[in-house]
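*Asks:* here is the input, now give the coordinates:
(2 chains)
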Amino acid sequence: MPIEKQIIEACLENDRAAQKQLYEMFSGKLFVVALRYMHDREKAKDVLQDAFVKIFRHLDSFRFDSPLEAWLRKIVVNTALKALKKAGNLTQSLEGDFMIDEEFHYDNKGQENLSYQQLLEVIGELPDGCRTIFNLYAIEGYKHHEIAKMLGVSEGTSKSQYSRAKSLLQEKLAIEKERLNPQKEYK
Amino acid sequence: MNKNSLENQWKATLQKAEEQPPMELWEKIEHKLDADLSIDKTFQETFKNASEQPEAQVWGNIAAALDREERRKPVFFLWFNRYSAAGLAALLLMVLGFSVLNKSGLFDKTPTAKNSGEIGSSQLRSKNELSGTAKEGYGPESLDFSSNNEASRSESLSSIEKAEASFLSNTKELELRNRPEPESDFNEMTNTDFEESGILREGTIAALSTLARIEFYEFANSFTLVRPKLPYNTPDRFENDNNQTFLQRSWFGLISGLSPFDPNFKINNFERALASNDVPRNAFEFNNLGDIQEPNPIKRETFAIPLSQPYSTVRSGSGVNLGFDYGKRIGKHFSWQGGVRYMSGTSLVESNVYSYNEHTGKVRTFLESNYIRQDITAFDNTIISSSGFVDNDYKYLMLPMQMAIHVPVSQKLELALSSGVSADFLVNNVLDNIPEGGSKLTAKNSAYKAVNVSGIGSLKMNYMVGENWQVSVGSNVQQTLTSGVEKTQGFTFRPRYIGINTGINYRFN
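*Replies:* The predicted structure is shown next:
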């Protein structure tokens, strides 16, 4: 029996040591997921905590038909969305007009050197709405129509917010890269 | 060339037309696509394996939350809180009461009654006669028991002792007659010996100590000696009979009831929840009354009186229930009963806070959108301040199970006091009356739990009509023990009803 399955079965018996083992196996990755959505570390910790409590409460609904990590990640994402919704900043930031600088071009060379902490910094500077949509589309891999359904916005809003996020990210990454490598020039 | 042929020619020309765009255009597109891919790819790859351990305190909090959860977890599916504790306590009391009363012999036949068939009326009065006398007056003077010669033989005793001796001599005699092998000092005595020996006169106290344990009722006192009897006693043939069939001493019943229905909502932090939804400042207007003219100018202050404060109240409505019961008597005075009931309850949500979804055009009460509804994918974040009522109706299917104690009043009339628990299955909750459309909420799309547990109690009068039919009328109370929603939802929902029930039963004798 795979170790993951053994741990889950022990968790279902409320074995606290197994629960902690599962937590230690995934908490690192899931904390970064929470940080991507929440930006604020304290809020991310709250989300991770709520998500793990939900995970342990509802572990019996995991059917082993998908990778455990994907299932856990989904719960963290949903918990983060709920927290953002409760905070009320999400939809507000999805409204309003914004301009995308279509002429801005970004040289992608050297991006591989950026650490996740630097990317978290950059993502964290985005408004809640477009940060959420960028996370859902670019990193989680949801389609725009799925995001629209999840957030209760139109598909067009999801697409335009994604464009906006990318535009902002490109700008911010360019600035970040310039800060790190001042000798290079960007168009 | 006519107009049509010219248009066709232009169309053909334009459709075939082709011109290479400047080279740099593709470069721009390629660059942009690369950048797009690059951004996504960068984030995807960087975060793919990114990991950062949260502080140890996070696990501590999770473990504490799980511990709290486990502590709350019941033996079965009840949440063990004060409500379920009260329900369980009532059930325990009932079971304990049953066993204690049975042990004490409250519902046993009295020895006198047991022997009344064997003993001639000239020798002894029956149990009913004894108690009848006791009912007329409890003082020693009123105790006019059977043996006339006892009084004359026990003149030295006080009047109470006389009465005791008199009573005991009767019961003693009965005991002796019924015991094949008496264990006391009276072993060798015949009935005649006993009557003539004068033991009772000489050793009344000794006789008391020997016999009282067997013959006295626990609820008797030194004046009455026997407890006051019920006006009507259930016939002895209704004793426990283990060979009863399913239908024997059982009944099927149809019941219906009316009651006020109180959903018993308790909403936490309603205003705070509203604040977190970015309600515009002008949603709830404040009436600036300006300067209040005070006689003393120093005290002059500016007051802002809110014209409307956000509120959401769920008002009681009425409930109707209809159902079937099956019951079965256990012993002379107890029964259990179970059944199925359909309950429909109405109530009103009175609120001045509604939410509007710009994408769907739906209007919902803020209570629904923020607290009850769980399948909301659209954010109903536009808050409307408008005072109004919304119908809030519930439908439940209930499976009650109760124990009852039956107190006979007359041959045809009895009182039945019952208590128990009920599993309540939510059929739906309909929030209606908004022109833009109401909502039908179920356990699937809302915070409501599919099953709740409630405690039930009722007091009924049952009256036999004919051989097998019985009509009943009484009052009942039902209180949901577990909140109908998860604790984390920010509100509790414990419906309760106190009302009247009527029913008709067909009894199998």
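*Asks:* residue A:69 is in contact with residue A:26, correct?
*Replies:* Yes. Using Cβ atoms under 8 Å, residue A:26 is in contact with residue A:69, at 6.4 Å. (Glycine included, C-beta is placed from N, CA and C.)
*Asks:* give me the more crowded residue out of the two.
*Replies:* Using other Cβ atoms under 10 Å in any protein chain shown as the criterion, residue A:26 and residue A:69 rank with residue A:26 on top: 20 against 13.
*Asks:* which stretch of helix or strand covers the closest residue to that one other than its chain neighbours?
*Replies:* Excluding its sequence neighbours, the residue lying closest to residue A:26 (Cβ to Cβ, 6 or more residues apart in numbering or on different chains) is residue A:72, at 5.4 Å. Residue A:72 is part of helix A:68-87 when elements are defined by DSSP states H and E.
*Asks:* which elements pack onto that helix?
*Replies:* For helix A:68-87, the elements it packs on are helix A:16-38, helix A:41-57, helix A:89-94, helix A:128-134, judged by 3 or more Cβ pairs under 8 Å, 6 or more residues apart in numbering or on different chains; DSSP states H and E.
*Asks:* how close does residue A:144 get to chain B?
*Replies:* Distance of residue A:144 to chain B, given as Cβ to the nearest Cβ, to the nearest Å: 14 Å.
*Asks:* actually residue A:57, not the one I wrote
*Replies:* For residue A:57 relative to chain B (Cβ to the nearest Cβ), the value is 7 Å.
*Asks:* tally up the residues packed near that residue, please.
*Replies:* 13.
*Asks:* the one 10 residues further on too?
*Replies:* Around residue A:67 sit 10 other residues, with neighbours defined as other Cβ under 10 Å.
*Asks:* the residue lying closest to residue A:73 once chain neighbours are set aside: what's it in contact with?
*Replies:* Using Cβ to Cβ, 6+ apart and skipping residues adjacent in sequence, the residue nearest residue A:73 is residue A:33, 5.8 Å away. By Cβ atoms under 8 Å, 6 or more residues apart in numbering or on different chains, the contact list for residue A:33 reads A:73, A:76, A:77, A:80, B:47.
*Asks:* coming back round to it: the residue nearest to residue A:26: how many residues sit nearby?
*Replies:* Counted with other Cβ under 10 Å, residues neighbouring residue A:72 total 22.
*Asks:* check contacts around it.
*Replies:* A:26, A:30, A:51, A:55.
*Asks:* help me confirm that the last one comes into contact with residue A:75.
*Replies:* Yes. Contact between residue A:55 and residue A:75 holds when scored by Cβ under 8 Å: they sit 5.6 Å apart.
*Asks:* comparing the two, which residue is more hemmed in?
*Replies:* Neighbour count, other Cβ under 10 Å: between residue A:55 and residue A:75, residue A:55 has more, with 23 against 18.
*Asks:* show me what residue B:389 is bridged to.
*Replies:* Judged by DSSP bridges, the bridge partners of residue B:389 are residue B:350.
*Asks:* next one: the one 5 residues further on
*Replies:* Counting by DSSP bridges, residue B:394 forms beta bridges with residue B:345, residue B:429.
*Asks:* state the pLDDT value of residue A:34.
*Replies:* The model reports residue A:34 with a pLDDT of 91.
*Asks:* again, but for residue A:26
*Replies:* At residue A:26, the model reports a pLDDT of 89.
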